[in-house]
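1. next come a sequence and a model predicted from it.
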Amino acid sequence: MKRIIISLFLAALVTSCSEYSFRSVDEFVFDENALHDEEYVKIIYSSGAPDDGINIDYYVHMIGVSQETNDTVNIFTPSTYMVDAGKLFYYFISENTDSGKLFKNLQKVIDGAQLSDLSDDKLEKVVSNKNGQDWEINNYPTSCGTLATDIKKAEDGPPPTLDELNEYID
């Protein structure tokens with residue numbers, strides 16, 4: 001019995017020390033027109049995530065600036081994979097598209113599911129970084145989707161040549 005109490009105490013202590021917590025997506029104002037598919041955004045903030053798993057049960061909170069309208073938008077995405085704030089431009093893929101649906105259900109796809117079997121339900125929680133809540137609590141419109149890297153549109157200069165792109169191909 002003593003071990004159980006000590007284990008529970010240690011588990012509570014570890015979880016309370018985490019820099020992450022979760023918030024309900026209902027705290028945000030969703031606007032499906034805030035970003036359109038393939039719109040370029042520059043990420044200025046990312047909450048990060050407590051794990052890098054592909055079993056997705058929450059959104060990662062990012063804040064981006066549209067490179068078309070200069071509007072600031074909350075972006076809820078299922079992963080931080082290959083997204084680095086301020087380094088590259090990304091294009092937005094709505095979770096309502098087939099591509100967005102595939103990424104959101106990546107583990108099911110790996111396990112052999114067909115597109116028709118994938119869920120398009122919205123997730124109910126978003127990860128919050130306790131160190132970034134000044135950024136996360138805002139009135140920006142919110143869109144849900146995936147961010148894809150565009151290696152052809154570098155932040156510092158013209159698009160790379162084909163010879164330069166060969167660096168990315170092995």
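-> Looks like it arrived, so ask away.
2. what segments of this structure are strands?
-> With strands called from DSSP state E, the chain shows them at 20-24, 40-46, 60-66, 72-77, 88-94, 125-129, 142-154.
3. for Lys104, which of the ones you listed is the nearest?
-> Smallest distance to Lys104 across the strands of the chain (Cβ to Cβ): 7.4 Å, for strand 142-154. Using the backbone N, CA and C atoms, a C-beta is placed for each residue, glycine as well.
4. got the phi/psi numbers for Asn96?
-> The phi and psi values for Asn96, taken as degrees, to the nearest 10, are phi -80, psi -10.
5. wait, what's in contact with the residue nearest to it when sequence neighbours are not counted?
-> Closest residue in space to Asn96, ignoring its immediate chain neighbours: Asp120 at 7.0 Å, by Cβ to Cβ, 6 or more residues apart in numbering. Neighbour list for Asp120: Glu95, Asn96, Lys101, Lys104 [criterion: Cβ atoms under 8 Å, 6 or more residues apart in numbering].
6. also Asn96?
-> Shown in contact with Asn96 (Cβ under 8 Å, 6+ apart): Glu32, Asp120, Gly145.
7. tell me the pLDDT of it.
-> Looking at Asn96, its pLDDT reads 81.
8. quick one: it from Asp121, how far?
-> Taking Cβ to Cβ, to the nearest Å as the measure, Asn96 and Asp121 are separated by 12 Å.
9. ok, Ala49 next?
-> Per Cβ to Cβ, Ala49 is found 20 Å from Asp121.
10. which of these two has more neighbours?
-> Neighbours were counted for Ala49 and for Asp121 using other Cβ atoms under 10 Å; Ala49 has more, 18 against 8.
11. tell me the contacts of that one?
-> Ala49 neighbours (Cβ under 8 Å, 6+ apart): Tyr20, Tyr58, Val60, Ser79, Thr80, Val127.
12. so what's the spatially most central residue of the chain up against?
-> Among the residues of the chain, the one closest to the centroid is Thr77, at 2.8 Å (Cα atoms, centre = their mean). When contacts are counted by Cβ under 8 Å, 6+ apart, Thr77 touches Tyr59, Val60, Met62, Val83, Cys144, Gly145, Thr146, Leu147.
13. how much space separates it from Ser94?
-> Using Cβ to Cβ, Thr77 is found at 11 Å from Ser94.
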